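>>> Build me a model from this:
(2 chains)
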Amino acid sequence: MEQKKRGEKALMLAGKVLLVFYTLFAVFPLIWMIIIAFKGDSQMYDTLFIFHPTLANFKNVLTKGSYVKAFVSNLIISGGAVLVSVLVGVPAAYALARYEFKHKEGVAFTILSFKFAPEILIIIPVFTIFQKLKLYDTYFGMIWIYQFIGLPLLIWVLRGYFEDIPVEMERAAELDGYSKREIFFKMLIPLIRPGLVAAALLSFIFCWNNFTFGLMLCGFKIQTITVSALTYISTSTIHYGQMAVVSVIAIIPEIIMCLCIQKHLVRGLSFGAVKG
Amino acid sequence: MKELTKKPLLVRIRPWLILLPTLVVTLGILYPFATAIYYSFTDYSLKSTAYEFVGIKNWVEMFTGKEFWHSLGVTLKYAVLATALEMILGMVIALTLNTEKRWAGILKVILIFPLMVAPVIAVLLWSLMTNTSIGILEKFLNLFGVYAFPWWAASSTALFSVVMIDVWVNTPFVLLLVLAGLQGLPKSPYEAARIDGGSAWFTFKTLTLPLLKPVLLIALIFRIVSTVQEFSIIYATTKGGPGDTLMNLSLSAYMDGYTYSSIGRAIPQILVLWILINVITKKLVGAWLKAKSAN
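You can find the predicted model right below:
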């Protein structure tokens, strides 16, 4: 018995040690990014943690190059994509939650299957069609193709939130003389609002982070933030400080959003399969 | 009675009307998928608009060539290694964090951050970490007499280095799901186990693990589907190199389609990948449904 307890204690200790190492592994790259972002080129090579912070890297990224433009483009595409996803996805989620009809699960799974299809499989034919329709390198084309990212998530997560609302509540409101529209906008939408906000922000993050579509479906007029960030690696004269600033600018908005939707993160990330 | 079963037309098609916008948006995506299959039987190229039907030539060439089997091997190696590491690490860390203590609460928030970072940006961060002139990891390895460690620049260390970035970004996903699963566990069986005096390991094996099975399967499905088609991290680090070390099916199809402009050669590889994903998800979703109903 005594031996068993000692074994368990050792196991617990090993777990704690692993946790410390993992925490360092997970957090340190973010800390290092912030350090480098404030380090001047002259101090880059011979200092580690003690240096005179400077804003020169931020100034360079914000005034030179195309990163600011990419940031704005990314905002337009991701924001536009999420807006369209919400407009078409919320009614769809409601229909899938409340109505019984033929092929319902078929439709739902087809929408879900987009999440599981290789992006390149969609991109290559879309590329040829976009060129014919003059949608290549346009906001319209990008917002449309980004539905592939956000819409399945939104529909599947919101379907779960709608299903959580008892049908009896709707029936009662109907008996009280409210119209379907009033019930939908005045009762259901406020009830699912936390879930809706979380799913929309999560879709936004996924769109914001996407790389493949931006790489292959636009490039001259419009550049996404990830495609633009990559050019900071491949330039021959490497400015590490600017690389760090580029990362900071791309990451900070997402971490703030992540903190806002923490409670719904599990449900959103698992497409409603795990109700955390 | 008849009136009850046969509803008016408008009521019957109402769900379809509500779904219409979604269907329009997604059909625009489904149609290209169908044309993709057709293109795999042509010599379609980005260089010219004219193309001819070539039958199963692309498919035969793919299956008889060495490159395809190499890419398939890389795809599976990368997916299995990354998914296994993420699952094990995510689960162990979740178990150590599963307490009500204050520090655990803070870590539960902070450790999720990497998951929000775009894979390409993660590559930037790890470049800053591993860089031989300014990277902290290089300075750290110098202490042990290791200089200019090549990370993803050498084929012997490339797979491990790139998988490390994948693990950095995605372990929090498993961690988050398992933590949610642990919090949802019923209390009473654990009290019974404590009274019986079973060891912690025994309780974990016979109680926790089976109860967590549905959550673990969901994490596994999402991770395997994503790692099997990984593109961004490999593209941003090595573009499939050095040589063809990391040329998985996604990268190989991209190279054939975009760099060598042969769409006809690119698509069969992606279709194989798609079939692979379908087979895997079907199996795992089946297992998930079974585990869910068993609990």
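>>> Excluding covalently adjacent residues, which one is nearest to residue A:57?
Here the nearest residue to residue A:57 in space, its sequence neighbours aside, is residue A:241; by CB to CB, 6 or more residues apart in numbering or on different chains that works out to 3.5 Å. Just so you know, the C-beta spots here come from the backbone N, C-alpha and C atoms, and that holds for glycine as well.
>>> mind checking how far that neighbour is from residue B:107?
29 Å (CB to CB, to the nearest Å).
>>> what ranges of the stretch 101-250 of chain B fall below the confidence cut-off?
Scanning the stretch 101-250 of chain B for pLDDT under 70 picks out no residues.
>>> all strands for it, in order.
Along the stretch 101-250 of chain B, counting by DSSP state E, counting those that start in this stretch, no stretch forms strands.
>>> Please look at residue A:81 and residue A:150 and confirm they touch.
Yes. The pair residue A:81 / residue A:150 is scored as a contact, 5.7 Å apart, by CB atoms under 8 Å.
>>> Give me the common contacts of the two.
Both residue A:81 and residue A:150 are in contact with A:203, A:207, where contact means CB atoms under 8 Å, 6 or more residues apart in numbering or on different chains.
>>> Tell me the secondary structure at the residue nearest the centre of chain A.
Taking CA atoms, centre = their mean as the criterion, residue A:205 is the residue nearest the geometric centre of chain A, at 1.9 Å. Of the three states, residue A:205 takes helix according to DSSP: H, G, I helix; E, B strand; the rest coil.
>>> Could you find the closest non-adjacent residue to it?
Nearest-residue entry for residue A:205: residue A:254, 5.3 Å, with adjacent residues in sequence omitted and distances by CB to CB, 6+ apart.
>>> Same check on residue A:153?
Leaving out its chain neighbours, the residue that sits closest to residue A:153 by CB to CB, 6+ apart is residue A:203, at 5.4 Å.
>>> do the same with residue B:118
residue A:209 (3.5 Å).
>>> again with residue A:98
residue A:162 (6.6 Å).
>>> Over to residue B:141?
The shortest distance from residue B:141 to any non-neighbouring residue, by CB to CB, 6+ apart, is to residue B:149 (5.3 Å).
>>> Hmm, the one you found is touching residue B:131, no?
No. With contacts defined as CB under 8 Å, residue B:149 does not count as touching residue B:131, sitting 10.7 Å away.
>>> Give me the common contacts of these two.
Here residue B:149 and residue B:131 have residue B:138 as joint contacts, going by CB under 8 Å, 6+ apart.
>>> quick one, which of residue A:241 and residue B:107 is more surrounded?
Shown here are residue A:241 and residue B:107; by other CB atoms under 10 Å in any protein chain shown, residue A:241 has more neighbours (24 against 20).
>>> what's the burial count for residue A:46?
For residue A:46, the neighbour count with other CB under 10 Å is 8.
>>> what's the distance between whatever residue of the stretch 151-295 of chain B ends up closest to chain A and residue A:274?
Distances from the stretch 151-295 of chain B to chain A, computed as CB to the nearest CB, single out residue B:180 as the nearest residue at 3.2 Å. Look at residue B:180 and residue A:274: by CB to CB, they are 6 Å apart.
>>> need the contact list for residue B:111.
Counted by CB under 8 Å, 6+ apart, residue B:111 has contacts A:22-23, A:26-27, B:93, B:97, B:172, B:175.
>>> thinking again about what came up before, isn't the residue nearest to residue A:57 right up against residue A:44?
Yes. The pair residue A:241 / residue A:44 is scored as a contact, 6.9 Å apart, by CB under 8 Å.
>>> Within range of chain B, give me the residues from the stretch 51-200 of chain A.
Residues of the stretch 51-200 of chain A found near chain B (CB under 8 Å from any CB of the partner chain) are A:84, A:87-89, A:91-92, A:94-96, A:99, A:101, A:104, A:107, A:110-111, A:114-122, A:124-126, A:128-129, A:144-145, A:147-148, A:151, A:155.
>>> On the three-state scheme, residue B:69 is what?
Secondary structure for residue B:69, judged by three-state DSSP, is helix.
>>> on that earlier part again, just the pLDDT at the residue nearest to the centre of chain A, thanks.
Per-residue confidence for residue A:205 comes out at a pLDDT of 93.
>>> That one against residue A:257, yeah?
Yes. With contacts counted by CB under 8 Å, residue A:205 reaches residue A:257, the gap being 6.1 Å.
>>> which neighbours do those two share?
Common contacts of residue A:205 and residue A:257, defined by CB under 8 Å, 6+ apart, comprise residue B:116.
>>> you'd agree the residue nearest to residue A:205 is in a strand?
No. Assessed by three-state DSSP, residue A:254 does not belong to a strand; its assignment is helix.
>>> Tell me the spacing between it and residue B:121.
Residue A:254 is 9 Å from residue B:121, where distance means CB to CB.
>>> Next: residue A:194.
Distance check for residue A:194 against residue B:121: by CB to CB, it reads 28 Å.
>>> These two: which has the busier surroundings?
residue B:121 (28 against 13).
>>> List the residues that contact the more buried one.
A:209, A:226, A:229, A:246-247, A:250-251.
>>> quick revisit: between residue B:180 and residue A:274, which contacts overlap?
Applying CB under 8 Å, 6+ apart, one finds that residue B:180 and residue A:274 are jointly contacted by A:266, B:215.
>>> Any stretches of the stretch 101-250 of chain A with poor pLDDT?
Applying pLDDT under 70 to the stretch 101-250 of chain A flags the ranges A:234-237.
>>> Mind jotting down where the helices sit in chain A?
When secondary structure is read from DSSP state H, chain A shows helices at A:2-37, A:56-63, A:67-98, A:104-116, A:119-132, A:139-145, A:147-164, A:167-175, A:180-182, A:189-209, A:212-217, A:225-234, A:240-260, A:265-269.
>>> can you list residues touching both of residue A:241 and residue A:44?
By CB under 8 Å, 6+ apart, the residues touching both residue A:241 and residue A:44 are residue A:36.
>>> could you pull out the helices for the stretch 1-150 of chain B?
According to DSSP state H, counting those that start in this stretch, the stretch 1-150 of chain B carries its helices in the segments B:2-5, B:9-39, B:57-64, B:66-97, B:102-110, B:113-116, B:119-130, B:136-142.
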